[in-house]
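**Student:** 3D, please:
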Amino acid sequence: MLPQDFTQGLDETARTGNAYPHVMPAYIPQGLVRPQLGHGGFVQTQGQQFLVPVIAPTQHVLQQPMQIMPQMSMTGACAPMMMDKPLSALSSAGMSMSPAVYRPPLYSAAAPGRPSRHAYGNMWAPMPGVGRLDHMTGAVAGQATSVEDILQLLRSMPRGTPSIAVVADSLRFLDSRALAALLKELSKTGLRDVAFEIFDWLRTLDEQLHPDYVGLLDVFTYTTMIAQCTNHMHLPTALELVSEMRTRNIPLNTHTYSSWLNVCVKAGELELALDVFKQMLAEGLQPNLVTFNTLLEVYAKRGMWCDAVGVLDTLEQQRLVPEPRTFNIVMNACNAAAQYSSCVAVHSRMASQKVPPTVGTYNAVILAHCKMDQLSTAQQLFNEMQQQGCQPTHTTFITLLQSAEQHGQAQIAVSLLEQMQTMSLRLTPQCYAAAIGACAAAGQLVTARKLLADMLASSKAGMAAPAHIIMQLQDKCCDWQGAYRTYLKLLASGVRPDSQTTATAIEALWGAGNVSSCLLALQVFEGACQQGVFRLSVSVQAADTAVEFSLPVAGACMALIGLWRLLAELKGRVARDGAKILRNSVVVLLGDGQTTVPQLHPAMVQWCAVPGVPFTVDGSSVIQVKLTAPAPELARWLLSDQSLLMCPVMPAAAELEGLQETLMQDAETATLSKCRQQLLEATEMERILTQSANAHHLPHFLQL
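**Tutor:** Here you go, the predicted structure:
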């Protein structure tokens with residue numbers, strides 16, 4: 001059953017100039033919708049253009065030709081750039097054109113760069129011809145031109161200049177392999193739109209009227225253009241080109257399927273990619289190494305690590321020599337599935353086949369050993385990596401630094417930072433955080449604070465570090481006062497702290513465990529409530545059976561304070577209005593249900609384990625914790641003396657600052673009194689020592 005907001009578009013006519021008007025029955029959503037199967041066409045209704053997802057099983061796309069209009073192909077019998085040219089201007093090329101409506105293609109230009117001469121090397125032999133082209137006057141009619149000359153001509157033309165009128169006559173002297181080389185190099189040098197313009201123009205030509213261009217559209221050119229579809233917006237074009245190949249009775253070969261498979265992977269259509277591979281095998285084609293590498297990417301993204309390892313066996317059976325990239329994909333797939341021992345086994349297999357490792361190889365196996373708590377082995381691989389001439393990357397150091405933090409290896413962490421500086425690698429806040437954590441875990445707070453000071457002094461790392469990261473690091477260094485100063489500095493700058501920043505400040509202050517810091521944590525929480533950062537929502541479930549409170553906390557300490565504040569308010573309401581306001585039960589949801597809150601679940605389990613607490617923890621989610629309590633038991637507990645320790649009376653927000661100031665003054669007075677006492681004791685000791693020294697130097701008769 002289709003949704004009611006879908007309208008059937010069978011009676012609507014296809015847009016003007018559609019070269020493939022026989023569009024399959026489809027439904028047009030009221031708005032632009034990306035096709036789920038990755039293929040579709042355009043239909044114009046009441047002046048509005050829609051992208052139509054074809055309602056057809058994927059296997060129909062693979063087995064039967066489908067005539068649909070792609071997003072990237074032109075929509076008329078002439079090139080897009082020639083709409084502003086009179087038709088008489090094309091008479092020299094012997095072409096007859098009919099006007100059509102052109103829709104701008106949805107191309108994304110590739111990065112500019114010098115084309116690689118080894119690609120399509122055998123196609124770059126100069127074609128028979130004379131002289132060079134004058135890019136101002138175009139090609140000389142009736143004369144052949146080399147592929148290099150055509151490419152140079154198209155590069156020299158200003159952007160937006162029509163290309164067909166310039167190179168159409170020269171295309172007659174190319175064969176399909178040379179044309180494929182030209183189209184590929186155009187795409188590689190950022191002229192993808194020109195490549196599609198030329199190819200789409202050739203597709204619209206009538207073979208009987210233009211016999212000179214017969215043979216240019218074959219498996220080489222189609223495969224090349226399918227390979228140029230590089231994202232999900234280009235997938236409809238790739239599907240249409242495959243369908244058109246079947247319509248023209250052009251057989252698909254292994255390279256065509258490999259390119260098609262790669263397009264599906266880049267578009268994120270992994271199910272379609274698997275169907276394409278199955279269809280390739282069904283047609284009796286033998287996959288090559290490129291095909292298997294692309295298939296491995298599908299397995300890696302779908303978490304099919306076991307199938308990825310099985311591909312290595314298939315390659316061995318077919319006597320295909322894997323390349324380093326093949327093993328790297330399999331190793332990364334194992335790591336992504338937490339199969340670290342399998343990653344190490346694949347690395348051993350790679351070494352036994354004498355396949356040279358790359359930086360990606362070492363990064364993968366070092367990560368596997370770090371996850372298996374084998375830091376010493378990871379360090380050995382790190383040294384071997386450098387001996388083999390593989391330069392460690394930022395990823396390599398991050399992996400080792402995080403492992404050093406986990407094991408409290410401060411010396412290793414500091415050494416890694418020094419090596420990064422030697423190699424001129426940027427020290428990011430993530431690198432500093434891991435090193436500081438390692439030093440703090442090892443009890444070397446002085447070194448940890450020095451690293452933190454270095455990070456804040458660094459113009460790049462200090463400015464790139466968000467406030468909550470800085471406060472987390474200050475918390476690791478046991479510097480709750482520094483964390484509070486960072487929070488105050490953020491407020492003074494006019495920036496409104498978000499939930500994560502507020503939670504980090506509360507975690508640092510509350511975790512310090514002294515009275516002053518805890519009062520500051522309460523003050524930060526009250527400020528968050530006043531600023532709207534922390535909002536409590538209340539709802540009554542169906543049939544008036546339960547009251548549900550939602551606390552969108554971002555930290556365990558923040559959850560504890562918020563829960564205390566809620567229970568304190570409920571205690572006053574129950575004392576005033578009775579237990580009936582709680583309905584049958586009370587449900588408290590802690591967390592926003594989207595972000596993982598560290599230590600939230602264990603903290604709530606420990607809190608509920610206190611004798612007398614009526615709440616129980618439902619489930620074991622790390623995203624949101626659900627507390628449930630029967631209303632009668634909760635009411636009795638709130639009104640009893642047992643609740644005083646678990647939900648103490650919270651001071652009002654206005655009283656917090658005064659109470660904090662009083663405590664600070666008392667602490668300052670006590671400190672000054674202690675300093676005076678120590679000063680008096682030191683003065684008295686100095687007097688005694690002076691008298692003793694003077695007595696030692698008196699003459700003997702005076703001492704008697």
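
**Student:** doesn't M233 lie inside a strand?
**Tutor:** No. Checked against DSSP: H, G, I helix; E, B strand; the rest coil, M233 lies outside a strand; its state is coil.

**Student:** how close does it get to V194?
**Tutor:** Using C-beta to C-beta, to the nearest Å, one gets 18 Å for the distance from M233 to V194. Every C-beta, even on glycine, is put in place using the N, C-alpha and C of the backbone.

**Student:** out of the two, which sits in the busier spot?
**Tutor:** Between M233 and V194, V194 has the larger neighbour count (other C-beta atoms under 10 Å), namely 26 against 16.

**Student:** that one is in what secondary structure piece?
**Tutor:** Using DSSP states H and E, V194 maps to helix 192-204.

**Student:** how far off centre is that helix?
**Tutor:** 34 Å (C-alpha atoms, centre = their mean, to the nearest Å).

**Student:** which parts of this structure are strands?
**Tutor:** Here the chain has its strands, by DSSP state E, at 6-8, 27-29, 40-45, 48-53, 537-540, 546-551, 585-590, 616-618, 625-630.

**Student:** correct me, but S517 touches W480?
**Tutor:** Yes. Taking contacts as C-beta atoms under 8 Å, S517 lies within contact range of W480: 5.0 Å.

**Student:** which neighbours do those two have in common?
**Tutor:** L509 (C-beta atoms under 8 Å, 6 or more residues apart in numbering).

**Student:** neighbour-wise, which of these two wins?
**Tutor:** Taking other C-beta under 10 Å, S517 and W480 do not tie; W480 has more neighbours (24 against 17).

**Student:** how deep is A337 tucked in, by neighbour count?
**Tutor:** A337 has 16 nearby residues by other C-beta under 10 Å.

**Student:** what's the closest non-adjacent residue to it?
**Tutor:** Once flanking residues are discounted, A337 sits nearest to W305: 4.2 Å by C-beta to C-beta, 6 or more residues apart in numbering.

**Student:** the one you found and L217, how far apart?
**Tutor:** Taking C-beta to C-beta, one finds W305 at 41 Å from L217.

**Student:** confidence score at the closest residue to A378 other than its chain neighbours?
**Tutor:** Nearest residue to A378 in three dimensions, chain neighbours excluded: H369, at 4.2 Å (C-beta to C-beta, 6+ apart). H369 is assigned a pLDDT of 97 by the prediction.

**Student:** and for the one 5 residues further on?
**Tutor:** At Q374, the predicted lDDT confidence score is 95.

**Student:** again, but for Q380
**Tutor:** On pLDDT, Q380 comes in at 96.

**Student:** do the same with A351
**Tutor:** So A351 comes in at 95 (pLDDT).

**Student:** how many other residues sit next to it?
**Tutor:** Counted with other C-beta under 10 Å, A351 comes out at 14.

**Student:** once you drop chain neighbours, what's closest to it?
**Tutor:** P357 (7.7 Å).

**Student:** what are the phi and psi angles of that neighbour?
**Tutor:** Backbone torsions of P357, given as degrees, to the nearest 10, read phi -70, psi 160.

**Student:** what sits against it?
**Tutor:** P324, H347, M350, A351, Q388, C390.

**Student:** check contacts around the nearest residue to A195 once chain neighbours are set aside.
**Tutor:** Closest residue to A195 apart from its sequence neighbours, by C-beta to C-beta, 6+ apart: L186 at 4.0 Å. When contacts are counted by C-beta under 8 Å, 6+ apart, L186 is found next to L151, L154, R192, V194, A195, I198.

**Student:** how about M385?
**Tutor:** With C-beta under 8 Å, 6+ apart, M385 has these contacts: V359, Y362, I366, P392, T396.

**Student:** quick one: the nearest residue to N262 once chain neighbours are set aside and C264, what's the gap?
**Tutor:** Excluding the flanking residues, the one nearest N262 by C-beta to C-beta, 6+ apart is T294, at 5.0 Å. The gap separating T294 from C264 is 9 Å, by C-beta to C-beta.

**Student:** now the common contact residues for those two.
**Tutor:** Contacts common to T294 and C264, judged by C-beta under 8 Å, 6+ apart, are A273.

**Student:** against N332, how distant is the residue nearest the centre of the chain?
**Tutor:** Nearest to the geometric centre of the chain sits K301, at 13.2 Å (C-alpha atoms, centre = their mean). Distance of K301 to N332, computed by C-beta to C-beta: 10 Å.

**Student:** the helices in the stretch 501-650 of the chain, which residues?
**Tutor:** Per DSSP state H, counting those that start in this stretch, the stretch 501-650 of the chain carries helices over the ranges 515-531, 556-577, 600-608, 631-639, 643-646.

**Student:** so which of the ones you listed comes closest to V538?
**Tutor:** helix 556-577 (9.7 Å; C-beta to C-beta).

**Student:** name the residues of that closest one that are buried.
**Tutor:** The neighbour-count check on helix 556-577 (16 or more other C-beta atoms under 10 Å) flags 556-567, 570-571, 574 as buried.

**Student:** next: stretch 176-190.
**Tutor:** Quick answer for stretch 176-190 (16+ other C-beta under 10 Å): 176-189.

**Student:** among the residues you listed, give me the pair with the biggest separation.
**Tutor:** Of all pairs in the buried residues of stretch 176-190, the most separated under C-beta to C-beta is S176 and T189 at 20.6 Å.

**Student:** need the contact list for the residue lying closest to A467 once chain neighbours are set aside.
**Tutor:** In space, and not counting its chain neighbours, A467 is closest to L490: 5.0 Å by C-beta to C-beta, 6+ apart. Taking C-beta under 8 Å, 6+ apart as the criterion, L490 is in contact with A467, P497, T501.

**Student:** can you tell me how far the first one is from A492?
**Tutor:** Per C-beta to C-beta, A467 is found 12 Å from A492.

**Student:** who's more crowded, these two?
**Tutor:** Higher neighbour count among A467 and A492: A467, with 20 against 8, using other C-beta under 10 Å.

**Student:** surely the more buried one touches T501?
**Tutor:** Yes. Between A467 and T501 there is a contact under C-beta under 8 Å: 5.4 Å.

**Student:** quick check, A238 in contact with N262.
**Tutor:** No. Here A238 does not reach N262: they are 9.4 Å apart, not a contact under C-beta under 8 Å.

**Student:** which of the two has more neighbours?
**Tutor:** The residue with more neighbours, out of A238 and N262, is A238; 26 against 22, by other C-beta under 10 Å.

**Student:** ok, the residue nearest to A337 - contacts?
**Tutor:** Counting by C-beta under 8 Å, 6+ apart, W305 has contacts Y299, V330, A333, C334, A336, A337, Q339, S342.

**Student:** ok, the third one - contacts?
**Tutor:** Applying C-beta under 8 Å, 6+ apart, one finds that A333 lies in contact with L296, Y299, A300, G303, M304, W305, A308.

**Student:** repeat for the second one
**Tutor:** Contact partners of V330, counting by C-beta under 8 Å, 6+ apart, are L296, A300, W305, A308, V309, V311, L312, V346.

**Student:** those: which two are farthest apart?
**Tutor:** Largest pairwise distance in the contacts of V330, by C-beta to C-beta, is 13.2 Å, between A300 and L312.
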